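Novice: coordinates only, sequence not included:
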DNA sequence: AATCCTGTGTGACATATATCACGCCGGATG
DNA sequence: CATCCGGCGTGATATATGTCACACAGGATT
C-alpha cells in the first residue's frame, strides 16, 4: 500500500500539501514485467510517476524497430508526460515495464495547477527534465562517437547498476535495444568474456568487470 | 537597439513586467560568426536568449571532435543554461555562432526569481526544454535508424530552412558536424546532385529539392 | 528416449563508412 | 603571369557492422 511516508521517501523535498494531493488525485497502477505503459502516438492523458520497478523508454522508427534511450527508476517520472502546454499531445516514446512495476498516474489537468500552486513541483519537473536531457546527451555520445563495443559495455554497465551483476537477458534482446543484430552482440560478448569482463550463460550474463 | 517592442516580438506571451526586467537585468552581447559562446566544462553564470542570428550547439567527445546537435534561432534560448538548481553547473555543450548574432545575457540569479515571480517565464522555460528535447530525439532517430545519406539530407534541409537555399558551407564543415569525413560527404552530395536535389559549387550548395 | 524449440556459435559474404593517396581546379596572392 | 592553397573528385583499400546459412547444445515436451 502506498502511504504518504513512502511517497516522501521516493520523492523527497516536495511540499506537504502536494503529497496529499498526489495521493488524492492519482491512481495507482500495477503493471507486469514486459507490459507497455505508453505507446508512440498515443494521446497522453496523465503523467506517470514510478513508485517501484523499472521502466524502459524506447524510441521507435517507422518500421517499428525499438531503440532504447534510457530507463526510469522508482522515484523518477516520465518527463515528457509532465508538460503538455498543448493538450492532446501524443507520446514521442514507447515505455515498457522491465520488471513488475507500480506507477502513480495523475491526470494531466493537475499538472498546470500544481506548477503554479507548488513551487516544489515545478522544481521537480525541471530537474527531472534536466536529468533526462543529460541522459539523452550521453546516449547521443554513445551512438555518435563510439562503436558497438563501447556502446555494449556502456549498456551492460547501466543494466548492472540497476539490476545487479547477474543479468537475465538474451543476446537478441540486447541487440534489439541497441538496434544491432544478435550475431554482432554475441561476438562482442565473446571478446569481452575473453578479456575477463563477464561470463556468458544461456539467458544470462554474469558481470565481473569492476571498472 | 533593443527596445521592449522587439523583445515582445521575439518572445511573445511574456508578462509586461518581465520584459522590463529582462532589459534591466540583462546585457546585450554581440558575437561574430564563428565565435564560441559557451565551451564544454565552462561554468555557467548566465543564461542566453538569442535576439538575432543563429547559434549552433555541439556535443564534444574526449578528443575534441564536435557533433552537431541542433541550432537556436532568434527568439529561442539555451535551455541548459536556464536551469541550474545546483549552481556552478558546467556546460555540457559547445555553442558557436553560425552567423553574427546578438544575445541577451541574464545572470543566473534571476532565473530562480523569475520562475516563481512570472508564470509566463516558467512556461517559456518548460516549452523551451520540451522543444529541445524533441529535437534531441529526432537527432537520435537520425543517428540510430538511418544511414549517412538520410542524415545528410536531414541536415541540409534544416540548414536550408534557416538559411535559405544557397548554403555557404564546405563539405569539410558538413563532415565535421555529422562526425563523418569529407570524402564521404562529397560522394553523397554527388549522388544527391545526380538525383537533382541540389547543385554543388565551390564553397556552397544550391538546394533544389522541394520535398 | 526422441523430438522440439530457443538461444547461441561461427564462417562467408554484403554493405556502409573511414582512411589514404593523389590529382585537379580555381581563386587569391605575390 | 606564376605560384600557392584550400576545396573538391576519385580510386584503392581497411574496418565495422549487418545478413545469411547452418550447426549445435541444452532444457522442455511428448
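Specialist: Nice, thanks for sending it over. These figures come from a predicted structure and were not determined experimentally. Residues are numbered from 1 along each chain as shown, chains lettered A, B, ... in the order given.
Novice: Just the buried positions in stretch A:26-33, please.
Specialist: Buried positions in stretch A:26-33, judged by neighbour count with 16 or more other CB atoms under 10 Å in any protein chain shown: A:26, A:31. To be clear about C-beta, it is placed using only N, CA and C from the backbone, and glycine gets the same treatment.
Novice: again but with stretch A:66-75, I slipped
Specialist: A:66, A:67, A:68, A:69, A:70, A:71, A:72, A:74.
Novice: Would you check that the third one makes contact with residue A:178?
Specialist: Yes - taking contact to mean CB atoms under 8 Å, the distance of 7.0 Å between residue A:68 and residue A:178 places them in contact.
Novice: so what sits against both of these two?
Specialist: Residues touching both residue A:68 and residue A:178 (CB atoms under 8 Å, 6 or more residues apart in numbering or on different chains) are residue A:155.
Novice: Which one of the buried residues of stretch A:66-75 is nearest to DNA strand D?
Specialist: Distance to DNA strand D across these (CB to the nearest atom of the strand) is lowest for residue A:67, with 10.9 Å.
Novice: Pull the contacting residues for that closest one.
Specialist: Residues near residue A:67 by CB under 8 Å, 6+ apart: A:58, A:59, A:60, A:61, A:177, A:178, A:179, B:140, B:141, B:144, B:145.
Novice: Those in helices, which ones?
Specialist: Using DSSP state H, the subset of the contacts of residue A:67 located in helices is A:177, B:140, B:141, B:144, B:145.
Novice: And the second one, what's its pLDDT?
Specialist: To tie it back to what came earlier, the one meant is residue B:140. In the predicted model, residue B:140 carries a pLDDT score of 97.
Novice: Give me the neighbour count for the closest residue to DNA strand D within chain A.
Specialist: Proximity of chain A to DNA strand D (CB to the nearest atom of the strand) peaks at residue A:147, 2.9 Å away. Neighbour count of residue A:147, defined by other CB atoms under 10 Å in any protein chain shown: 9.
Novice: Helices of chain A, residue ranges please.
Specialist: Using DSSP H, helices in chain A cover A:4-10, A:16-25, A:79-82, A:109-117, A:119-145, A:148-163, A:171-177, A:182-194.
Novice: deepest of these, which one?
Specialist: Of all these, helix A:79-82 has the most neighbours on average by mean count of other CB atoms under 10 Å in any protein chain shown, namely a mean of 24.
Novice: which residues touch that one?
Specialist: Residues outside helix A:79-82 that contact it (CB under 8 Å, 6+ apart): A:38, A:44, A:46-48, A:91-93, A:108, A:111, A:125, A:128-129, A:132, B:130, B:133.
Novice: ok, which pair from those residues is furthest apart?
Specialist: Across these, no pair lies farther apart than A:46 and B:133, at 19.1 Å, counting by CB to CB.
Novice: For the spatially most central residue of chain A, name its beta-bridge partners.
Specialist: Note on chain A: the residue nearest the mean C-alpha position is residue A:71, at 2.0 Å, using CA atoms, centre = their mean. For residue A:71, the beta-bridge partners under DSSP bridges are residue A:56.
Novice: Contact partners for it?
Specialist: Counting by CB under 8 Å, 6+ apart, residue A:71 touches A:54, A:55, A:56, A:57, A:98, A:158, A:162.
Novice: PyMOL command for the buried members of the residues you listed?
Specialist: A single PyMOL command selects the buried members of these (16+ other CB under 10 Å):
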select buried, chain A and resi 54+55+56+57+98
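Novice: Which member of the contacts of residue A:71 is positioned nearest chain B?
Specialist: Chain B has its nearest neighbour among the contacts of residue A:71 in residue A:57, at 10.3 Å by CB to the nearest CB.
Novice: ok, and the helix or strand in chain A with the lowest average confidence?
Specialist: helix A:79-82 (a mean of 84; mean pLDDT, DSSP states H and E).
Novice: Find the residue closest to residue A:107 in space, skipping its chain neighbours.
Specialist: The shortest distance from residue A:107 to any non-neighbouring residue, by CB to CB, 6 or more residues apart in numbering or on different chains, is to residue A:46 (4.9 Å).
Novice: Counting neighbours, what do you get for the one you found?
Specialist: By other CB under 10 Å, 19 other residues sit near residue A:46.
Novice: and it, what does it touch?
Specialist: Neighbours of residue A:46 in contact, by CB under 8 Å, 6+ apart: A:81, A:105, A:106, A:107, A:108.
Novice: Contact partners for residue A:163?
Specialist: Residue A:163 makes contacts with residue A:54, as judged by CB under 8 Å, 6+ apart.
Novice: quick one: is stretch A:58-66 near DNA strand D?
Specialist: No - contact of stretch A:58-66 with DNA strand D is not found when judged by CB under 7 Å from any atom of the strand; the minimum separation is 9.8 Å.
Novice: which parts of that stretch are buried?
Specialist: Buried residues in stretch A:58-66, counted by 16+ other CB under 10 Å: A:58, A:59, A:60, A:66.
Novice: What about these, which are in strands?
Specialist: Cross-referencing those against strands under DSSP state E gives A:58, A:59, A:60, A:66.
Novice: ok, the first one touching residue A:96?
Specialist: Yes - taking contacts as CB under 8 Å, residue A:58 lies within contact range of residue A:96: 6.9 Å.
Novice: Point out the residues in chain A that sit beside DNA strand C.
Specialist: Counting by CB under 7 Å from any atom of the strand, the residues of chain A lying close to DNA strand C are A:170, A:171, A:172, A:182, A:183, A:186, A:187, A:189, A:190, A:200, A:202, A:203.
Novice: what does the model give residue A:119 for pLDDT?
Specialist: 88.
Novice: tell me the contacts of it?
Specialist: So residue A:119 contacts A:15, B:116 (CB under 8 Å, 6+ apart).
Novice: Are stretch A:136-144 and chain B in contact anywhere?
Specialist: Yes - Stretch A:136-144 is in contact with chain B by CB under 8 Å from any CB of the partner chain, via A:136, A:137, A:139, A:140, A:141, A:143, A:144.
Novice: Low-confidence stretches in chain A?
Specialist: A:1, A:84-87 (pLDDT under 70).
Novice: mind redoing it with 90?
Specialist: A:1-3, A:79-89, A:108-109, A:111-113, A:115-116, A:119, A:122-123, A:126-127, A:129, A:209-211 (pLDDT under 90).
Novice: Report the outermost residue of it with respect to its centre.
Specialist: Within chain A, the residue lying farthest from the chain centre (CA atoms, centre = their mean) is residue A:194, at 30.8 Å.
Novice: Please report how far that residue lies from residue A:188.
Specialist: Distance of residue A:194 to residue A:188, computed by CB to CB, to the nearest Å: 11 Å.
Novice: returning to what we had before: nearest to chain B among the contacts of residue A:46?
Specialist: Nearest to chain B out of these is residue A:81 (CB to the nearest CB; 11.0 Å).
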